Structures are given as structure tokens and as C-alpha cells.
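Engineer: following is a predicted model, sequence given first.
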Amino acid sequence: RKEVEQDPGPFNVPEGATVAFNCTYSNSASQSFFWYRQDCRKEPKLLMSVYSSGNEDGRFTAQLNRASQYISLLIRDSKLSDSATYLCVVNNPGRRALTFGSGTRLQVQP
Amino acid sequence: EPEVTQTPSHQVTQMGQEVILRCVPISNHLYFYWYRQILGQKVEFLVSFYNNEISEKSEIFDDQFSVERPDGSNFTLKIRSTKLEDSAMYFCASRVSQAYEQYFGPGTRLTVT
């Protein structure tokens, strides 16, 4: 089983739509969780950390379900500029390295 | 806003040559990392560096790779004898000591011919 698993997509949605991505992780002891955004041939950029209580930043909401070992990202009112690959990232205990999923590609269409 | 910077943005080299990729982490950060991303694949961890020594490395980081922090600002990745399969984007990242968020530089695209 992959350490961090994501649906590769692509998710093609119209502007203004709400879209949700899920991610599962294999290590039940994983401690920290993040969503990064990556544009084509660019660096990963931190979108948001994911907290146990869930957190929201504007149009973006992240949720963590430790019992089921999955993380979600909800994007409301999609903009053309949201088109990117969304990377689910996990930090495991005792490790300094981040473990990346392969990413979910989002294409927002006019 | 402080940023991680990397040079060069693109490096083309011949198989067997040595390359040095350079990074300037964010100035108050204490933990430094190299990751790589082969085209079309996921980001993979190579090595982490703290307090002037390697704190963790992956299986990819074999004897051909080395890292150095030659002065108070630069952090370098050296590949001694490049192979075709070393062609990838190489990202440097850094973080402050108490937070887990890592911030990535823009990357160096390495092409080995």
C-alpha cells in the first residue's frame, strides 16, 4: 500500500463549482498533514496545514479523519486560478522528511 | 516575504560530470532539505540537514550525493558523477525549528545528456 494515496484526476469543473479531494495515508502514527499546491513545473507551495479539528482558510477547508486515515480538501467557488495539482503531504513520527502523494490535478474551466 | 532561492534554474550536464546545485534557505530557518521530482512523478525526499550534519537520508541519496553548508547562508547538493536517471527537478526546502511547514525553493531543473 502506498504511504500517501490520491486520486490523480483530472477533476474538470466549471468556475464557481465546489470540488473535494481525498487522500489516504497508511501510517496510523502520522503526526502532521498538509496540502500543497503545485503548478506545472513549479515548486510545491504550502496551501494549508491540516489540524485534527479541521480548518478553513477562505474558500478552502481541510479535514482530518484519523480513525479512517484520510484527509480531505474542499474548494468552494472555484476560480480559474485554482487550476493546479494538489499534493497531500504527511510527516511521520521520528522523521524529518515529508512524504508526498502523487497529487490530484484540478482543471477549472470558464 | 522571505523565500528560499535556488541557482541555477536549469543545468544541463553530460553523463559522468559533477554538478553542484545551490540553495539559500530562509534566513532564520534551521532545518534544510533536498527533494527531487522526476518529470511526471511525485516529489521524493533525498536528505535533511540540521546542525551541520545529515539528520536523515533516503535510499536515493547514495554515495554519489553529498550536501554541504559551506557558509552561513548557502546549502549545496553535489552529484559526483551524474547519470541519465538523475535528470529531474531538484527542490531545496527549509523550515524553522518549531514548525513542521517546509517552504520550497523554485527548483533547479537538471538535465543529464
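Structural biologist: Now that the structure is in, tell me what you want to look at.

Engineer: is the residue positioned nearest the centre of chain B within a helix or a strand, and which one?
Structural biologist: Chain B has B:W34 as the residue nearest its centroid, 3.3 Å off, counting by CA atoms, centre = their mean. Here B:W34 is covered by strand B:31-37, with elements defined by DSSP states H and E.

Engineer: wait, does that strand contact chain A?
Structural biologist: Yes. Strand B:31-37 lies within reach of chain A by CB under 8 Å from any CB of the partner chain, at B:Y31, B:Y33, B:Y35. (Glycine included, C-beta is placed from N, CA and C.)

Engineer: for B:F104, see how far away the residue nearest to the centre of chain B is.
Structural biologist: Applying CB to CB, to the nearest Å, the value for B:W34 to B:F104 is 11 Å.

Engineer: could you name every residue contacting both of those two?
Structural biologist: Both B:W34 and B:F104 are contacted by B:F91, B:C92, B:A93, under the criterion CB atoms under 8 Å, 6 or more residues apart in numbering or on different chains.

Engineer: what strand or helix carries A:F34?
Structural biologist: The secondary structure element spanning A:F34 is strand A:32-38 (assigned by DSSP H and E).

Engineer: sorry, wrong one. I was asking about B:M89.
Structural biologist: Assigned by DSSP H and E, B:M89 falls within strand B:88-95.

Engineer: report whether the next helix or strand after that strand contacts chain A.
Structural biologist: Per DSSP H and E, the first helix or strand lying C-terminal to strand B:88-95 is strand B:103-104. Yes. On the criterion CB under 8 Å from any CB, strand B:103-104 is in touch with chain A at B:Y103, B:F104.
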